[in-house]
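Asker: Pasting a predicted model and its sequence here:
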Number of protein chains: 2
Amino acid sequence: MTFSLTILGSSSALPTSKRFPSAHVLNAHERLFLIDCGEGTQIQLRKYKLKLSHIDNIFISHVHGDHTLGLIGLISTLNLLGRKTKLSIFAHASLQPILNQNILFFINELNFPIEFIPLNSKKHEVILKTDSIIVESFPLKHRIQCNGFLFREPTKLPNIKKDAIEKYQLSLTEIVSIKNGSDLISKSGKVIPNSELTFVSSPPRSYAYCSDTRYFEKLANYTKDVDLLYHEATFDKSLEKMAKTTGHSTASQAAQIAKLSNAKKLIIGHYSSRYKDVTPLLNEARLIFPETYSAEDGHVFSV
Amino acid sequence: MTFSLTILGSSSALPTSKRFPSAHVLNAHERLFLIDCGEGTQIQLRKYKLKLSHIDNIFISHVHGDHTLGLIGLISTLNLLGRKTKLSIFAHASLQPILNQNILFFINELNFPIEFIPLNSKKHEVILKTDSIIVESFPLKHRIQCNGFLFREPTKLPNIKKDAIEKYQLSLTEIVSIKNGSDLISKSGKVIPNSELTFVSSPPRSYAYCSDTRYFEKLANYTKDVDLLYHEATFDKSLEKMAKTTGHSTASQAAQIAKLSNAKKLIIGHYSSRYKDVTPLLNEARLIFPETYSAEDGHVFSV
């Protein structure tokens, strides 16, 4: 089952010739979860051959233009492509009126429903739960209200050993019961313990998106043990003061959060346009958290 | 003096992996005139190394999203880059309120004035006149009110022959007077006719933008003798009926307008996303107007 992240945009407020503004897309079991939607997101989705029709949920961290201005173009294109099914948008409540005004003005007739789910930017909570994914939202600390997101697979039931199915000729009812933890009582009355019949499934995978935010340690509580952590690194450590004033982080601070989270891998991005080459930021982060990688438009990170 | 056009976007409503939505930029004497501003225009401007600070005037043909959705991102970026000077936007009056709402919502504090000039989409008129360029607006026939634009250099005064300046030791006053058509009366009282002192300047150059529009012959009156004509060709001739219904043109019809206009060169574009290869449209147009070229993102046409 796929669990992979594609970077669509890795710049901060000013896009560059190589970096589009913020947008990520998580492919979890062939459904696409779009996280932020900067200008040109629909163009990047096409460029990287990600099917627009596989997007049902969009998560907007905060309502700054570099994270939202691609929404209306994307919605317009989905409409032209004949979409009929619901699109859910999770965002701060203030986005809804301006989004509606733009839809009214720019889209002749919207042929699919948009469900707008206002985010609580003070609370850590589950905002979406399906068979394949659980999405949590948690507060970040930016100049305006801002949410981070954690995407994680539900805890998986153990798998049944193939040879056990054959040996004991297990029925479907028995299989479900064993997967849920029961022992087996064989036809001869013998108790076969659950541990002899099952093996542990691959652990649930997870991805967390933290942008935009200034450094705060509590963030690591929300992203504990995450497999893949994206944490913005707008500046290098020499600009720590500016980072704090503008509600952003340095590469070192991103790495610190990855370390405190016990993350397996860190991606940094949302780079200030002043960095033509981001190697110094990457090196700075790797001193603290060696498993750090750079967000580059089009790069795919599989978990 | 530069007079060249860069194609920033050549798709119709649905952008593709190779074509951004509509935007052209005309470099006339090192000032940039932006014509339409689809989503991602600011990214294309950077990609093709066109200086954002050299744009003072933006011309919007009509208020469909594929011609306008890049405006707010571009304005936001100009603001972040510290712009202080006026930006003029020529567009249908209906764009102003929604543009203002978006500016209010997405831009914290706008530090430069925006002058909004509403276009009359029923009239052929001069809308801008500077020392180096005259811009005319004229009506197109689309599903909503739509304007075409003609950019032309003012008629140039004749040049003074270098040897005449030396021979007759002409003063600045005499030069201005001769350039404006006077003969010279030499110190000995002899009349030197103007034609002996001057030579004709290079003829004024021109570019016309016609998108979106269905075919109508009168359009050629507005683009008479133009050097470079851009005329949309959303469809091939087999889809002429669809072109008419949707307010668009075929490649043959674009070529017909170029022929009727006595244009020197035609660029076709605004292609429907159904055409992965636009060679058939180009061939179709060339049968009627051989000097036809295809709009491709990043291509530069010098006049």
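Answerer: Yep, that arrived. Numbers count the residues shown, from 1 in each chain, chains lettered A, B, ... in the order given.
Asker: In the stretch 101-250 of chain A, which residue sits closest to chain B?
Answerer: A:F106 (4.2 Å; C-beta to the nearest C-beta). Any C-beta I mention is one placed from the backbone N, CA and C, and that applies to glycine too.
Asker: residue contacts, that residue?
Answerer: Counting by C-beta atoms under 8 Å, 6 or more residues apart in numbering or on different chains, A:F106 touches A:I72, A:S76, B:V63, B:H64, B:G65, B:T68, B:L69, B:I98.
Asker: let's go with 10 Å and repeat that
Answerer: By C-beta atoms under 10 Å, 6 or more residues apart in numbering or on different chains, A:F106 lies in contact with A:I72, A:G73, A:I75, A:S76, B:V63, B:H64, B:G65, B:D66, B:T68, B:L69, B:I98.
Asker: same question, A:T223
Answerer: A:T223 sits next to A:136, A:138, A:148, A:150, A:206-210, A:229-231, A:257-258, A:260-263 when contact means C-beta under 10 Å, 6+ apart.
Asker: how about JSON lines for the contacts of A:F106, with distance to B:S171 added?
Answerer: As requested, the contacts of A:F106 are arranged in JSON lines below (distance: C-beta to C-beta, whole Å):
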{"residue": "A:I72", "distance to B:S171": "61"}
{"residue": "A:G73", "distance to B:S171": "60"}
{"residue": "A:I75", "distance to B:S171": "66"}
{"residue": "A:S76", "distance to B:S171": "63"}
{"residue": "B:V63", "distance to B:S171": "54"}
{"residue": "B:H64", "distance to B:S171": "56"}
{"residue": "B:G65", "distance to B:S171": "58"}
{"residue": "B:D66", "distance to B:S171": "56"}
{"residue": "B:T68", "distance to B:S171": "52"}
{"residue": "B:L69", "distance to B:S171": "56"}
{"residue": "B:I98", "distance to B:S171": "57"}
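Asker: all helices in the stretch 101-250 of chain A, in order from the N-terminus.
Answerer: A:162-168, A:172-179, A:194-197, A:219-222, A:240-246 (DSSP state H, counting those that start in this stretch).
Asker: The closest residue to A:P154 other than its chain neighbours bridge partners, please.
Answerer: Nearest in space to A:P154, with sequence neighbours left out and distances taken as C-beta to C-beta, 6 or more residues apart in numbering or on different chains, is A:I134 at 5.8 Å. Beta bridges link A:I134 to A:K129, A:R152 when assigned by DSSP bridges.
Asker: Spit out the contact partners of A:I134.
Answerer: Taking C-beta under 10 Å, 6+ apart, we find A:I134 in contact with A:V126, A:I127, A:L128, A:L150, A:F151, A:R152, A:E153, A:P154, A:T155, A:P204, A:S206.
Asker: mind checking pLDDT for A:V226?
Answerer: We have a pLDDT of 98 for A:V226.
Asker: do A:G298 as well
Answerer: At A:G298, the model reports a pLDDT of 98.
Asker: Need the pLDDT of A:L69.
Answerer: A:L69 is assigned 98 on the pLDDT scale.
Asker: Specify the local secondary structure of the closest residue to it other than its chain neighbours.
Answerer: Ranked by C-beta to C-beta, 6+ apart and with sequence neighbours excluded, the top spatial neighbour of A:L69 is A:E39, at 4.2 Å. Here A:E39 is recorded as coil under DSSP: H, G, I helix; E, B strand; the rest coil.
Asker: Kindly report the residues of the stretch 201-303 of chain A close to chain B.
Answerer: Residues of the stretch 201-303 of chain A lying close to chain B (C-beta under 10 Å from any C-beta of the partner chain) are A:S273.
Asker: Work out for me the element the residue of the stretch 201-303 of chain A at minimum distance from chain B sits within.
Answerer: At 9.2 Å from chain B, A:S273 is the closest residue in the stretch 201-303 of chain A, using C-beta to the nearest C-beta. Assigned by DSSP states H and E, A:S273 falls within no helix or strand.
Asker: I'd like the distance between it and B:L78.
Answerer: Taking C-beta to C-beta, to the nearest Å as the measure, A:S273 and B:L78 are separated by 14 Å.
Asker: Please identify which of these two sits among more neighbours.
Answerer: Ranked by neighbour count (other C-beta atoms under 10 Å in any protein chain shown), A:S273 and B:L78 place B:L78 first, with 22 against 16.
Asker: Okay, and that one sits in which element?
Answerer: Element membership of B:L78, judged by DSSP H and E, is helix B:71-80.
Asker: which ones among the contacts of A:T223 are found in strands?
Answerer: Judged by DSSP state E, the subset of the contacts of A:T223 located in strands is A:E136, A:F138, A:G148, A:L150, A:S206, A:Y207, A:A208, A:Y209, A:C210, A:L229, A:Y230, A:H231.
Asker: I'd like to know how many residues surround the residue lying closest to the fifth one once chain neighbours are set aside.
Answerer: Read it as A:S206. Of all residues not flanking A:S206 in the chain, A:R152 sits nearest, at 3.9 Å (C-beta to C-beta, 6+ apart). A:R152: 20 surrounding residues under other C-beta under 10 Å.
Asker: In contact with A:R152, which residues?
Answerer: Contacts of A:R152 (C-beta under 10 Å, 6+ apart): A:3, A:28, A:126, A:133-136, A:204-208, A:225-227.
Asker: swap in A:P204?
Answerer: Counting by C-beta under 10 Å, 6+ apart, A:P204 makes contact with A:F3, A:I133, A:I134, A:R152, A:E153, A:P154, A:T155, A:K156, A:D227.
Asker: repeat for A:A243
Answerer: A:213-215, A:232-237, A:249-253, A:272.
Asker: Closest one of those to A:L34?
Answerer: The closest of these to A:L34 turns out to be A:E232 (C-beta to C-beta; 17.5 Å).
Asker: Which pLDDT does the model give the closest one?
Answerer: At A:E232, the predicted lDDT confidence score is 98.
Asker: Counting neighbours, which of the contacts of A:T223 end up buried?
Answerer: The neighbour count (16 or more other C-beta atoms under 10 Å in any protein chain shown) marks A:136, A:138, A:148, A:150, A:206-210, A:229-231, A:257-258, A:260-261, A:263 as buried among those.
Asker: from the chain's centre, how far out does the helix holding B:L78 sit?
Answerer: Distance, stretch centre to chain centre, for helix B:71-80: 21 Å (C-alpha atoms, centre = their mean, to the nearest Å).
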